[in-house]
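> Coordinates for the following, if possible.
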Amino acid sequence: MSDSMLERITIEPKVPAKACVIWLHGLGDSGAGFAPVVPALGLQADHAIRFVFPHAQEQPVTINGGYVMRAWYDIKSMDLHDRADMAGVKQSEQQILRLIAEQISSGIPSENIVLAGFSQGGVMSLFTALRLQKKLAGIMALSCYLPSGDSLPDAITDVNQTTPILQHHGVDDEVVPLNAGQVAHQLLSTVGFNCQWQEYKMGHSVVPEQLRDISTWLQTVLDHVK
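Down below sits the predicted model:
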């Protein structure tokens with residue numbers, strides 16, 4: 001996996017950006033998979049939120065027979081305790097940290113940045129944010145789990161302990177079992193993170209009702225950005 005800056009789709013607001021949502025896609029997808037959610041969120045026309053949809057680099061994925069696809073890390077098995085290749089997770093974490101640093105360098109403070117993700121991307125948003133040394137506006141983790149299974153990642157900080165964390169999961173998720181998301185939520189809640197859990201009647205996907213809830217949540221956590 002290269003250390004170069006990730007390619008991405010960037011959607012700028014009509015007014016100068018004062019906030020940013022970095023949204024990480026799932027296994028085998030790309031930033032293009034989630035870029036269409038921006039108009040679907042129904043934000044006010046004069047919102048000042050930049051949306052960044054990075055593309056994970058391509059790599060072989062063990063559970064898919066070594067087929068090369070976009071992935072934030074290799075998935076070695078379907079067992080939650082041995083699913084994520086932690087070396088790959090930490091490599092992608094460094095790339096995401098560079099994306100965050102890039103936004104800060106552009107004039108957007110970390111407190112105005114939301115780190116979001118779906119499936120593998122949600123795993124990375126949780127992992128990166130829990131270990132981050134900078135305060136974020138919000139963390140969104142959709143249909144995902146903790147890469148460390150039923151334990152918290154190492155080297156977590158308390159910097160984002162009060163940062164709103166939105167966790168969504170489908171009750172019929174056929175890829176990431178509902179229990180995997182619930183375990184992550186329970187672990188985070190037990191140590192005092194500010195988590196909000198919501199289940200939806202869906203599989204491993206995103207539904208319109210959920211997008212409405214995400215829109216409301218985003219506008220709440222970025223309410224201070226005017």
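
> SS state for the residue nearest to the spatial centre of the chain?
For the chain, G117 is the residue whose C-alpha lies nearest the centre (Cα atoms, centre = their mean; 2.3 Å). The local conformation at G117, judged by DSSP: H, G, I helix; E, B strand; the rest coil, is strand.

> P16 versus that one, what's the distance?
For G117, the distance to P16 equals 26 Å [Cβ to Cβ, to the nearest Å]. Placement of C-beta: from N, CA and C, glycine included.

> And N160, by the same measure?
Per Cβ to Cβ, N160 is found 26 Å from P16.

> quick one: which of those two has more around it?
More crowded of N160 and P16, by other Cβ atoms under 10 Å: N160, with 24 against 9.

> Surely the more buried one is in contact with Q133?
No: using Cβ atoms under 8 Å, N160 is not in contact with Q133; the gap is 9.6 Å.

> Next, R50: secondary structure please.
Taking three-state DSSP, the label given to R50 is strand.

> Please name the nearest non-neighbouring residue to it.
Nearest non-adjacent residue to R50, counting by Cβ to Cβ, 6 or more residues apart in numbering: A17, 3.9 Å away.

> excluding its backbone neighbours, what's nearest E93?
Nearest one to E93, counting by Cβ to Cβ, 6+ apart, is T128 at 5.0 Å.

> Kindly indicate whether that neighbour is helix, strand or coil.
Taking three-state DSSP, the label given to T128 is helix.

> That one reaches R98, doesn't it?
No: at 11.1 Å, T128 and R98 do not qualify as touching, with contact defined as Cβ under 8 Å.
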